[in-house]
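> got a predicted model here, sequence first, then my questions.
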Amino acid sequence: MAKDKGIEKFVRPDLVNFGGYAASTSPDTLEGKVDVPVEGIIKLDANENPYGCSPRVQRALAKYSYYHIYPDSGQTELRKLLQGYTGVGAEHIVASGGSDQLIDLVLRLFVEPGDEVITCVPTFAMFRFYNELCGGVSVDVPRDENFIVNMDAVRAAITKKTKIIMLATPDNPTGTIIPRRDILSILETGLPVVVDEAYYEFSGETVAPLVGKYENLMVFRTFSKWAGLAGLRIGYGIFPIKIADCLMRIKPPYNITMASLVAVKESLKDVDYLKGKVKEIIAERERLFAKLKKLGWIKPYPSQANFILCAVLKGQASELQQKLQKKGILVRYFDKPLLKNSIRISVGKPEHTDAVIKALKEIEARG
Ligand SMILES: Cc1ncc(COP(=O)(O)O)c(C=O)c1O
């Protein structure tokens, strides 16, 4: 037994040095490290909803008294509710602990070690994360300079080993959408295609109604963004019935908490309120975009989601992120070959936009 290798030698060799996911920062962890009290931190680094959830959710959760009972593993009521919201039959729907869990389950269902998964980079990092956990190989198809997906390049990347094509629309972190005709052209390949619509309520574009027509189409959605329920972890997917059945069998039995069920029920009774907030966020996105553009040294990219990706034209994005954090404003930064020197700012309330712009101006003035 190698003395210096301890328990590690039992770990899968491909996972010993697994890179993990750089998650967003929890404000609590910044206590005493930033120039503002924790309550004053403006969190624009995870595309959360600045208005929070529906007040109905808060009230119903406080009143609910069956937290000691396991939830229905078959998600009967929840799937019916989601049928009402999506217009797609309950038998096509599977709910999950955040849509992250769907990425995990779907890749586990399809990907064996050595299989290839096509993604259009830059894109949501969790596609690669879960694929690598399955021992899959990520085949990255680069987007063009405006982050538009090149469908010919996607088709050219298909090999005998391709198991699934992962598309996000709107994409995170780029904010771009994939036109419907392009999605249809990829569906024609016959390969399993995931269309991650985590930001659908902001873009208004969906292919969900096509799931009954294409037996290779899977659509992912979430309550994290539009409904302000990121902390409760509720997502769902719309699948061909055979795939929904498989997923229902491989998912953890009680993956949706009672609190989540209550929250979905109340959110769906308050869709008008929540959609009103979505409208406000969209209007604020356009105001933030215009103000960022005016700065001259930040290049914002048009977005159909609730965040804006920006190229930093002067100085280092990593330093800018740190300086903003010191002032109590959290944003994401990226510096990868296909996403150089960039930050992503989630859209907040109007006062958050004002604070970001003020901070950016101060940072620039100090050089
Ligand atoms: C494209 C995309 N898909 C899925 C998710 C996961 O969302 P959740 O697990 O909170 O439902 C996110 C979150 O940022 C995302 O940007």
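Perfect, thanks for sending it.

> what is the neighbour count of residue 11?
Number of residues near residue 11 (other C-beta atoms under 10 Å) recorded here: 12. Every C-beta, even on glycine, is put in place using the N, C-alpha and C of the backbone.

> dihedrals phi and psi, it?
Here is the backbone geometry of residue 11 (degrees, to the nearest 10): phi -70, psi 150.

> before we move on, what about residue 95?
Torsion angles, degrees, to the nearest 10, at residue 95: phi -100, psi 160.

> what's across from the closest residue to it other than its chain neighbours in the sheet?
In space, and not counting its chain neighbours, residue 95 is closest to residue 236: 4.4 Å by C-beta to C-beta, 6 or more residues apart in numbering. Beta-bridge partners recorded for residue 236 (DSSP bridges): residue 95, residue 221.

> wait, doesn't residue 236 sit right on residue 96?
Yes: judged on C-beta atoms under 8 Å, residue 236 makes contact with residue 96 at a distance of 6.4 Å.

> list the contacts of the most centrally placed residue in the chain.
The centroid of the chain falls nearest to residue 198 when counting by C-alpha atoms, centre = their mean (5.5 Å). By C-beta atoms under 8 Å, 6 or more residues apart in numbering, the residues touching residue 198 are 99, 124, 168, 172, 220-222, 224-225, 235.

> quick one on the thing from earlier: quickly list what's touching both of residue 236 and residue 96.
residue 102.

> which residues of the stretch 151-300 of the chain fall in strands?
Using DSSP state E, counting those that start in this stretch, the strands of the stretch 151-300 of the chain run over 162-168, 193-196, 217-222, 235-238, 298-300.

> get me the contact residues on the chain for the ligand.
Residues of the chain that fall close to the ligand, judged by C-beta under 6 Å from any ligand atom: 47, 98-100, 124, 168, 172, 196, 198, 222, 224, 230, 235.

> and the two most separated of those?
168 and 230 (16.8 Å; C-beta to C-beta).

> what about those two, which has more around it?
Per other C-beta under 10 Å, whichever of residue 168 and residue 230 has more neighbours is residue 168, with 26 against 19.

> for that one, give the beta-bridge partners.
Beta-bridge partners, per DSSP bridges, of residue 168: residue 196.

> so that it lines up with my notes, have the first residue be 546 from now on.
Shifting the count to begin at 546 puts that one at residue 713.

> any idea how far residue 849 is from it?
11 Å (C-beta to C-beta, to the nearest Å).

> of all the residues in the stretch 796-912 of the chain, which one is nearest the ligand?
Among the residues of the stretch 796-912 of the chain, residue 850 lies closest to the ligand, at 8.0 Å counting by C-beta to the nearest ligand atom.

> kindly report the same for the stretch 596-745 of the chain.
Of all residues in the stretch 596-745 of the chain, the one sitting closest to the ligand is residue 643 (2.8 Å; C-beta to the nearest ligand atom).

> I'd assumed residue 780 was in contact with that residue.
Yes: Residue 643 is within contact range of residue 780, at 4.9 Å (criterion: C-beta under 8 Å).

> what do these two both touch?
With C-beta under 8 Å, 6+ apart as the test, residue 643 and residue 780 both reach 767, 769.

> so what does the longest helix anywhere in the chain touch, helix or strand wise?
What stands out as the longest helix in the chain, according to DSSP state H, is helix 816-840. Judged by 3 or more C-beta pairs under 8 Å, 6 or more residues apart in numbering; DSSP states H and E, helix 816-840 is in contact with helix 745-748, strand 843-845, strand 852-857, helix 895-911.

> buried residues, the least confident helix or strand in the chain by mean pLDDT. List them.
Here the helix or strand of the chain ranked lowest by mean pLDDT, DSSP states H and E is helix 558-561, holding a mean of 90. For helix 558-561, the neighbour count (16 or more other C-beta atoms under 10 Å) marks no residue as buried.

> returning to that earlier point: contacting residues around the residue nearest to residue 640?
Contacts of residue 781 by C-beta under 8 Å, 6+ apart are 627, 638-641, 644, 647, 765-767.

> rerun that using 6 Å as the cut-off
With contact set as C-beta atoms under 6 Å, 6 or more residues apart in numbering, residue 781 has these partners: 627, 638, 640, 766.

> end to end, how far does stretch 594-603 reach?
15 Å (C-alpha to C-alpha, to the nearest Å).

> do a quick rundown of the helices in this structure.
With DSSP H, the ranges of helices along the chain come out as 558-561, 600-608, 621-631, 643-655, 670-678, 696-701, 725-732, 745-748, 786-795, 803-814, 816-840, 862-871, 895-911.
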